[in-house]
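Engineer: I would like to see how this sequence folds:
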Amino acid sequence: MKFKINKEHFSNGLRQVINVVGSKPQTAVLNNVLIKADSDGITLTTTNLDLGIRCSIVAEVSEPGEITLPCRKLASIVSDVPMQEITVESSDGQVARVKSGKFSSNINGLKAEDFPALPNFVNKHAYKLAPQELLNMLRSVSYAQSTDENRYILNSVFFSFAEDKLTLVATDGRRLAMISRDIGSIDRDDEGSIILPAKTVSELEKLLGQGKELEISFSERQVAFDIKAEGSDNGLNGSIYLVSKIVEGSYPNYKQVIPKEAEHRVKLERELMRDTVRRVSKLTSEKHYSVRLNITQNSLEVFGESAEGSAKETIDIEYEGPEVKIGFNPEYLIQPLDRLTKDEVFFEFKDEMSPGVFKTLDSFMCVVMPLRV
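Structural biologist: The predicted structure follows:
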């Protein structure tokens, strides 16, 4: 194997795959990145057996071949070499020589046949949509995943492909975020759902912004995201392929959490509401981490206090209903407002003991359970 490659392209490719490498892999080869060189360039692959990723990089290949090398060590060396052009060669598939300018190093690796293959999906559920569309949807809900390891089924985002829509849901039991998008006709036989682990969600959010096309395919236990790359300016050539195990089990019936009706609804300017809650929350404490919304005629006051002091700020709204005071964890108000892109947001509520609901006109909602005030 022998190829020449641009330093920045190589570094970028390694950045795409390095996060999948575990800190304590089950076997030594899982510390490594699989490098395959052929006439189309090189491909880089890593896996931790739960999650795997493969990307293609532009390179000038003079001798095809393959090898696995320690991923983090290789990435560190590539980022520090003195020249833009790097040559990598291996005659036995176990030791690679990396050269750049007057620098050279020999890196011990492992044979490619020891590296686990990523699964392929044939004749399974498959859907196409714009990568940016899915990225915006994930950002709208992923903050609501649980971080409690004892509730593993909620450490995830739920994907539902049904009724010609893709619906994403995340909840930690105290708030629930949901968004839906039309994705074209879905045959009844092709409807399905998956529960995507938090680690995969995090990686997917990093990758989707680099693509122009996306295909999602899944089976009973695994899902693959095939992201067609934008071009070769950053060295990417072809696609980024992310494959993951899905969380096994049944996702909770989230529809039961959504309030059937709201007695009151006010229109809010998203950034103004977010910034107001953020400012007022600075005068709360870890022990009393809550803000109170005092809603009166044409006025919404955000109030917070702690042993260090208190703060309040008023927002003008159109409201003619009764006075209502509702307490919330300020982070649960800030996060959905921070991730949305629409300026116009609606807040629905019933009374001080009922959930508050943020909604937009594009099928997004976030249900937030109240705190006792």
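
Engineer: now the strands: where do they sit in the stretch 1-150 of the chain?
Structural biologist: For the stretch 1-150 of the chain, the strands defined by DSSP state E, counting those that start in this stretch cover 2-6, 32-38, 41-47, 51-57, 60-63, 65-70, 85-89, 95-100, 103-108, 125-129.

Engineer: what's the closest of those to Ser285?
Structural biologist: strand 51-57 (38.0 Å; Cβ to Cβ). Every residue, glycine included, has its C-beta placed from N, CA and C.

Engineer: so where's the stretch 1-150 of the chain uncertain?
Structural biologist: 122-123 (pLDDT under 70).

Engineer: tell me the phi and psi of Pro370?
Structural biologist: phi -80, psi 160 (degrees, to the nearest 10).

Engineer: Quick check: it touching Pro355?
Structural biologist: Yes. Counting by Cβ atoms under 8 Å, Pro370 does reach Pro355; the two are 6.4 Å apart.

Engineer: from what I can see Phe121 touches Glu215, true?
Structural biologist: No. At 9.6 Å, Phe121 and Glu215 do not qualify as touching, with contact defined as Cβ under 8 Å.

Engineer: Out of the strands of the stretch 1-150 of the chain, the one nearest Lys287 is which?
Structural biologist: strand 51-57 (37.8 Å).

Engineer: outside of the closest one, which residues touch it?
Structural biologist: Residues outside strand 51-57 that contact it (Cβ atoms under 8 Å, 6 or more residues apart in numbering): 5, 9-10, 12-13, 16-17, 20, 40-47, 116, 118, 197, 199-200, 203, 207, 229, 235-245.

Engineer: neighbouring strands for it, and are they parallel or not?
Structural biologist: strand 41-47 (antiparallel), strand 236-245 (antiparallel) (DSSP bridges).

Engineer: quick one: that strand to strand 32-38, angle?
Structural biologist: Here the directions of strand 51-57 and strand 32-38 differ by 40 degrees (axes from the mean of the first three to the mean of the last three Cα atoms, to 10 degrees).

Engineer: Convert the C-alpha atoms of strand 51-57 to CSV, please.
Structural biologist: Output of strand 51-57 as CSV, limited to C-alpha atoms (Å, rounded to 0.1, in the frame of the first residue of the first chain):
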residue,chain,number,x,y,z
LEU,A,51,-21.3,2.3,16.5
GLY,A,52,-19.2,2.4,13.3
ILE,A,53,-18.3,5.0,10.8
ARG,A,54,-16.6,5.1,7.4
CYS,A,55,-15.6,8.0,5.2
SER,A,56,-13.8,8.4,1.9
ILE,A,57,-10.9,10.8,1.4
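
Engineer: From the chain's centre, how far out is that strand? Work that out for me.
Structural biologist: How far strand 51-57 lies from its chain's middle: 16 Å, per Cα atoms, centre = their mean, to the nearest Å.

Engineer: The stretch 251-373 of the chain: strands as residue ranges?
Structural biologist: Under DSSP E, counting those that start in this stretch, the stretch 251-373 of the chain gives strands at 264-269, 291-296, 299-306, 309-316, 324-328, 344-349, 356-359, 364-368.

Engineer: same for the shortest one, what does it pack against?
Structural biologist: Using 3 or more Cβ pairs under 8 Å, 6 or more residues apart in numbering; DSSP states H and E as the contact criterion, the neighbours of strand 356-359 among helices and strands are strand 344-349, strand 364-368.

Engineer: go on, the second one?
Structural biologist: Counting by 3+ Cβ pairs under 8 Å, 6+ apart, the packing neighbours recorded for strand 291-296 are helix 270-281, strand 299-306, strand 324-328.

Engineer: Which one of the ones you listed lies nearest to Phe346?
Structural biologist: Where these are weighed against each other on Cβ to Cβ, the nearest is helix 270-281, at 10.3 Å.

Engineer: What residues of the closest one count as buried?
Structural biologist: Residues of helix 270-281 classed as buried: 270, 273-274, 276-278, 280-281 (neighbour count, 16 or more other Cβ atoms under 10 Å).

Engineer: Could you tell me the angle between it and strand 291-296?
Structural biologist: Using the same axes, to 10 degrees: helix 270-281 against strand 291-296 is 120 degrees.

Engineer: which other helices and strands contact helix 270-281?
Structural biologist: So helix 270-281, by 3+ Cβ pairs under 8 Å, 6+ apart, packs with strand 291-296, strand 299-306, strand 309-316, helix 330-339, strand 344-349.

Engineer: Determine which of these approaches Lys99 most closely.
Structural biologist: Nearest to Lys99, of the helices and strands packed on helix 270-281 and by Cβ to Cβ, is helix 330-339 at 45.0 Å.

Engineer: buried sites along that closest one?
Structural biologist: Buried residues in helix 330-339, counted by 16+ other Cβ under 10 Å: 330, 332-337, 339.

Engineer: Ok, stretch 227-245 next?
Structural biologist: 227, 229, 234-245.

Engineer: before we move on, what about stretch 104-121?
Structural biologist: Applying a neighbour-count criterion of 16+ other Cβ under 10 Å, one finds 107, 109-110, 112, 115, 118, 121 buried in stretch 104-121.

Engineer: These into CSV, with extra columns for distance to Gly192?
Structural biologist: Listed next are those as CSV, based on distance: Cβ to Cβ, whole Å:
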residue, distance to Gly192
Ile107, 43
Gly109, 39
Leu110, 37
Ala112, 34
Phe115, 30
Leu118, 21
Phe121, 13
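
Engineer: any idea how far Thr171 lies from Gly65?
Structural biologist: 48 Å (Cβ to Cβ, to the nearest Å).

Engineer: Looking at these two, which has the bigger crowd around it?
Structural biologist: Thr171 (24 against 19; other Cβ atoms under 10 Å).
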